[in-house]
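[1] build me a model from this:
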Amino acid sequence: MPLIAKLIVAAALAAPALASASPPEPAGPAQTPRVLKPAVLRGRDLVQRRCAGCHNAAPRGRSVYGPAPPLRTLGGRYTPAELQRVVEEARAGDHYAMPPLEISERQALDIAAYIEAIAKSDAGTQRKLAVPSCVGLSC
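    From the prediction side, this is the model:
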């Protein structure tokens, strides 16, 4: 059988299999960006201006000022209420390791909301049990 005839037969045999093949599956569902709440957005801006000088606000890496923990780790250390209390202590100048933050109560809540949001988005962060009010904080 000549070569051209073999090619025609091969194409004729392959055509039904190719016609019934399903189209390739898409790579996966498109990732839709999370819509951040206004408090989280305001908190992010405040953190960049007021906190990132000492604390690392990035997804990875250490803080500029060694003892200051990266912000992404704080949401895993404290419950949301404790986190708000820590930021409030800093605002009032009562936190043992931080300078007073000249921010409003609303801004303190926004910063706490942002820290909580980045902790939730960090897959490696696990929520710990609530700590007593004086552990690691001024009393």
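
[2] find me the pLDDT at G43, would you?
    The model reports G43 with a pLDDT of 93.

[3] list the contacts of it.
    110-115, 117 (CB atoms under 8 Å, 6 or more residues apart in numbering). From N, CA and C alone the C-beta is placed, and that goes for glycine too.

[4] which stretches of the chain form helices?
    Assignment of helices within the chain using DSSP state H yields the ranges 3-20, 38-46, 71-77, 80-92, 105-121.

[5] any idea which of those scores lowest on pLDDT?
    helix 3-20 (a mean of 59).

[6] neighbouring contacts of stretch 49-68?
    47-48, 69-72, 97-98, 101, 103, 111, 118, 122.

[7] ok, the residues you listed vs V40, which is closest?
    I118 (8.7 Å; CB to CB).

[8] any idea how far M98 is from the nearest residue to the closest one once chain neighbours are set aside?
    With CB to CB, 6 or more residues apart in numbering as the criterion, I118 has its nearest non-adjacent residue at 5.0 Å, and that residue is R72. Using CB to CB, to the nearest Å, we find R72 at a distance of 17 Å from M98.

[9] also A58?
    Counting by CB to CB - A58 and M98 are separated by 19 Å.

[10] neighbour count: those two, which is higher?
    The neighbour count for A58 versus M98, taken as other CB atoms under 10 Å, is higher for M98 (19 against 13).

[11] I'd say the more buried one and A90 touch.
    Yes. Look at M98 against A90 with CB atoms under 8 Å: they come within range, at 4.5 Å.

[12] count of neighbours near the residue nearest to I118?
    Counted with other CB under 10 Å, R72 comes out at 21.

[13] now do R50
    The number of residues packed near R50 is 16, by other CB under 10 Å.

[14] any of the contacts of stretch 49-68 buried? List them.
    47, 69-72, 98, 101, 103, 111, 118, 122 (16 or more other CB atoms under 10 Å).
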